[in-house]
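[1] Provided below for reference: sequence and predicted model.
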Amino acid sequence: MNKNKGIKILAGSVVFAVVMILINSRHSTPIHDDTPNPNNFHEAITSQFNDNIRDVSARLLETEKKLEQMHKENKSLQKQLKQPIQEASHTLQDELQTLKEKLSALTDHQTQSYPMEGTQAPVSGQLKDLDGLLDKAPIEGKIFADQDSSTKEKAPTKTPFYTIPAGSDFSKVTLLSSLMGEVPVEGKLMQPLFPFTAMVSRGDLMTANGMQLPEEIIGMKISGYSIGVGSFLDNISCVRAYVTSALFVFEDGHFVSAGQEQMKSSAELVNNDSIGYLTTQFGNPCIKGQYITNAPRVLAAFMAAGGVQGAGNALSKWQMSYQAEGGSAIATPTGDLA
């Protein structure tokens, strides 16, 4: 009876702990700090460290791909070197030699004319050297080439309207879509990248040394992708937004796009191809948001399963009796669950 009471007490305590964990995980609300911390230095440093780790891992994958491509190109070049290459110059030389032989045969069979008294023999034709004729370029071709070069020089050259230098700042950008980012695990994502679009609004447009950008840039559309940075253990929840392309439309309808029009796959997370990034109004690239995860429920389920397994093992051991005979132990079931 005492054993059965102990088992019931242990099982009841395990079930009570599991119920309390599930209730806390469902009804827990995020704690909001009253003290404003607009800069979020701790989150920015942690996210920067995580980005560096992802960059290193992605660069390793990229270098491995480049090495494989170089090995393939090396093998193809070696195969080409082994194969004999017939140069076209040899065939041309053979044709020229045959033509020279034919010309020499014609000169041998040519009839010779003798002049009369006080006159010179008329020259019907002269055989010229083919090599000299081939080396000399025709004068007409030179004239046409000079005319083409003069026409090309007279053509008007196109000048760009304006070039946005690297490092320029747009103080106001309006998002046209929400920012969502998945937190990568070991440098890889389980789902494709989440895209976003935004538009440059009216605000301070400057480059450096107080130089202002033209107001015609207002209305330019930018797009890119976002990656999440978060951990429920460190209380970090933010997202990093990288700009990969920009679209500008002129007044006549002509448009120009800069950057990459298509995003990379989920395995390649190197942000070297990005042309910019988004920040908060305080300049923090780690844009704070809500971190959504099912880790507490999974941990509670694991703990419940472990508790039930431990209770079952303890119950099975209490229902067994062990005897040692001749250096070996014998276990026999002797318990009664009734």
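    Nice, I can see it.

[2] tally of neighbours for L193?
    Look at L193: counted by other Cβ atoms under 10 Å, it has 20 neighbours. (Glycine included, C-beta is placed from N, CA and C.)

[3] separation between the closest residue in space to it that isn't next to it in sequence and I287?
    Spatial nearest neighbour of L193, excluding adjacent residues (Cβ to Cβ, 6 or more residues apart in numbering): Y225 at 4.1 Å. As judged by Cβ to Cβ, to the nearest Å, Y225 and I287 stand 13 Å apart.

[4] out of those two, which sits in the busier spot?
    Y225 (22 against 19).

[5] Against which helices or strands is the strand or helix carrying the more buried one packed?
    Using DSSP states H and E, Y225 sits in strand 221-231. When contacts are defined as 3 or more Cβ pairs under 8 Å, 6 or more residues apart in numbering; DSSP states H and E, strand 221-231 sits against helix 41-82, strand 194-200, strand 236-249.

[6] what comes into contact with it?
    By Cβ atoms under 8 Å, 6 or more residues apart in numbering, the residues outside strand 221-231 that reach it are 43, 46-47, 50-51, 173, 176, 179-184, 193-200, 236-247, 263, 269, 274, 276, 286, 291, 293.

[7] what about 7 Å?
    Contact with strand 221-231 is made by 47, 50, 179-184, 193-199, 236-247, 263, 269, 274, 286, 291, as judged by Cβ atoms under 7 Å, 6 or more residues apart in numbering.

[8] Buried ones among these?
    Among the contacts of strand 221-231, the ones that count as buried by 16 or more other Cβ atoms under 10 Å are 47, 50, 179, 181-184, 193-194, 196, 198, 236-247, 263, 269, 274, 286, 291.

[9] Give me the angle between the strand holding Y225 and helix 41-82.
    With axes from the mean of the first three to the mean of the last three Cα atoms, to 10 degrees applied, the angle from strand 221-231 to helix 41-82 works out at 110 degrees.

[10] any idea of the mean pLDDT for whichever helix or strand E101 is part of?
    In the assignment (DSSP H and E), E101 maps to helix 88-109. The pLDDT scores in helix 88-109 average 78.

[11] just checking, what packs against it?
    When contacts are defined as 3 or more Cβ pairs under 7 Å, 6 or more residues apart in numbering; DSSP states H and E, helix 88-109 sits against helix 130-135.

[12] Can you give me the distance of E101 to D94?
    In terms of Cβ to Cβ, E101 sits 11 Å off from D94.

[13] ok, K102 - how many residues close by?
    9.

[14] what residues are up against it?
    Contacts of K102 (Cβ under 7 Å, 6+ apart): none.

[15] now it: how far from V243?
    Where V243 is concerned, K102 sits at a distance of 71 Å (Cβ to Cβ).

[16] same thing with S274?
    For S274, the distance to V243 - Cβ to Cβ - is 6 Å.

[17] before we move on, what about E43?
    Relative to V243, E43 is positioned 21 Å away (Cβ to Cβ).

[18] Show the pLDDT at the residue nearest to L193.
    Predicted confidence (pLDDT) at Y225: the value is 90.

[19] rewinding a little: and of the helices and strands packed on strand 221-231, who's closest to A304?
    Checking the helices and strands packed on strand 221-231 against A304 by Cβ to Cβ gives strand 236-249 as the closest, at 26.9 Å.
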